[in-house]
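In: missing the sequence, but the structure's below:
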C-alpha cells in the first residue's frame, strides 16, 4: 500500500467508482440492497445541468479509494448547512490519512463557502467512525431520531 494519494473534485468519469464505494458503504452498514439509484441517474444528479451534490475522491495507486459526497441544506436556526451524506475509504487504504484529508476538504469547502455548519449521521455501533469524529470534537447528538418516507 502506498501512502501517496490526492484528493480532487469528482468528475463524471468517476461516477461508477463512486457508486462502487457507495455500495461498499451500504454493505458495511448492513444495508446491501438499499442503493437503488441507477448509474445514469447518479451521473445526472451529480454532473447534470443542476447538480444536487458535490463529491470529492481520493486517488491512490491510480484508483478511486475514497470519497466524500455533500449537498446543501438550510437550517432555520443556523442558516446554510453542508450535509455530508457519504464518506468512505476502502479498508485497505485506511490509516494513511485519506479519511482525514477528505473530511478536512469538506470542512474547508464549508468554511470557504460561508456555510455556518456541517452535519452528518453516523451509526451508533460504528466505533471507528465515532472515534474519528471525536478527534474533531464533533457534537454527536443522541437525542434526535431520524425520520424518512420512501417514495420508491
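Out: That came in fine, so what should we check first? This one's a predicted model, so the numbers in the text were calculated from it and none came from an experiment.

In: And the helices in this protein?
Out: With DSSP state H, the ranges of helices along the chain come out as 15-28, 39-47, 98-112, 127-134.

In: Need the contact partners of the last one.
Out: When you say that, I think you mean helix 127-134. The contact list for helix 127-134, computed with CB atoms under 8 Å, 6 or more residues apart in numbering, reads 99, 103, 122-124, 140. In this view, the C-beta of every residue, glycine as well, is placed from N, C-alpha and C.

In: cool, the second one as well?
Out: In this structure, residues lying in contact with helix 39-47 by CB under 8 Å, 6+ apart are 10-12, 15-16, 18-19, 37, 51-53, 55.

In: Next, the angle helix 15-28 makes with it.
Out: 100 degrees (axes from the mean of the first three to the mean of the last three CA atoms, to 10 degrees).

In: rewinding a little: buried subset of the contacts of helix 39-47?
Out: Buried members of the contacts of helix 39-47, scored by 16 or more other CB atoms under 10 Å, are 10, 15, 18-19, 53, 55.
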